[in-house]
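Engineer: give me coordinates for this.
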Amino acid sequence: MTRSAVEKGTRFVELHNGSEMFLMPNAWDAGSARMLEDAGHAAIGTTSAGIVYAMGRPDYEGLIGRDEMLTACRNIAEAVDIPVSGDLEDGYGQSPEDAAETMRAAIQAGLAGGSLEDHPGPGGTPLADPQAMADRVRAAREAIDTTGQPFVLTARAECYLVGHGDPSRPGKGGGDPFSNSMARLKLYTKAGADCVYAPGMTDADEITASVQDTGAPVNVLVGIRNFPLSFEKLEELGVRRLSIGGSLSCAVLGLVHRAAAAMMEGNIDYFDGALSHSQICDLFRREST
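Structural biologist: This is a model prediction of the structure:
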């Protein structure tokens, strides 16, 4: 069965409103998305880092715009019958209307959800002012609701990734990332986010507080080396959704990097774990829709 965009959106909303935690791994192209779907995952996210890396560009330098990112997201969404949530970075602009336009375009691209983040832009500029970010979340929410399309809006507080602390002093770095994250996530929930998270939060007590106090389903980024908590523990804490970010794409690129170096030494030894051509063709043979 091929699900429509409305059916995918409805299913994605149901996953967030249910009682069971689910893992939403992150794809960077249609092929990786098909493989994640084939493994049985109920939904997938995109990874903006993985998409940028697949284009041979560095991340966090503003080298991909809205149209190019959404073209990549559309290709992923059209390749699978499960819901896809787009990593839409900062919404590709600092104004509320920029965020609104990005969400309207995301829905047109067939996405069932999308995220906005307050991460610094190119050059290491400070985190977005929390109220300004909330205004963008609010505008995104209004734009989504106007379409009538079921769609999960995720808001991200990037405090842990940049060591940003005091919520009253954006960019100054005082305080602690947890306090700042909580202040921001509560604000973003009130502005209309359906799901929230702070990438880099790994402490069980802090995760528990985010689940209990933010007022929205919480995502935890588990694609971190030596992540300390099991999936079972995260479910006990009340986490609703898990994601892996760009870690899988980095692992794949790591294989290519090692193989490329080994070939220079005359070693063709990268076959462990490789799929055969016939296996890949069987996996990808589903008729296009």
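
Engineer: now do residue 238: how many residues are near it, please.
Structural biologist: In terms of burial, residue 238 registers 14 neighbours under the definition other C-beta atoms under 10 Å. All C-beta spots, glycine's among them, are computed from the backbone N, C-alpha and C.

Engineer: need the pLDDT of the residue nearest to it when sequence neighbours are not counted.
Structural biologist: Nearest non-adjacent residue to residue 238, counting by C-beta to C-beta, 6 or more residues apart in numbering: residue 211, 4.1 Å away. Here, the pLDDT recorded for residue 211 equals 98.

Engineer: contacting residues for residue 211?
Structural biologist: 218, 237-239 (C-beta atoms under 8 Å, 6 or more residues apart in numbering).

Engineer: tell me how far the helix or strand encompassing it is from the chain's mean position?
Structural biologist: Counting by DSSP states H and E, the element that carries residue 211 is helix 204-213. Averaged C-alpha coordinates place helix 204-213 at 20 Å from its chain's average position (C-alpha atoms, centre = their mean, to the nearest Å).

Engineer: which elements pack onto the following helix or strand past that helix?
Structural biologist: Beyond helix 204-213 on the C-terminal side, the first helix or strand identified by DSSP H and E is strand 219-221. Contact partners of strand 219-221 among helices and strands, from 3 or more C-beta pairs under 8 Å, 6 or more residues apart in numbering; DSSP states H and E: strand 195-197, strand 241-243.

Engineer: tell me which residues are up against strand 219-221.
Structural biologist: Residues beyond strand 219-221 that count as contacts (C-beta under 8 Å, 6+ apart) turn out to be 24, 154, 195-197, 199-201, 207, 234, 239-245.

Engineer: if we use 6 Å, what do you get?
Structural biologist: Outside of strand 219-221, the residues within contact range by C-beta atoms under 6 Å, 6 or more residues apart in numbering are 195, 197, 199, 234, 239, 241-243, 245.
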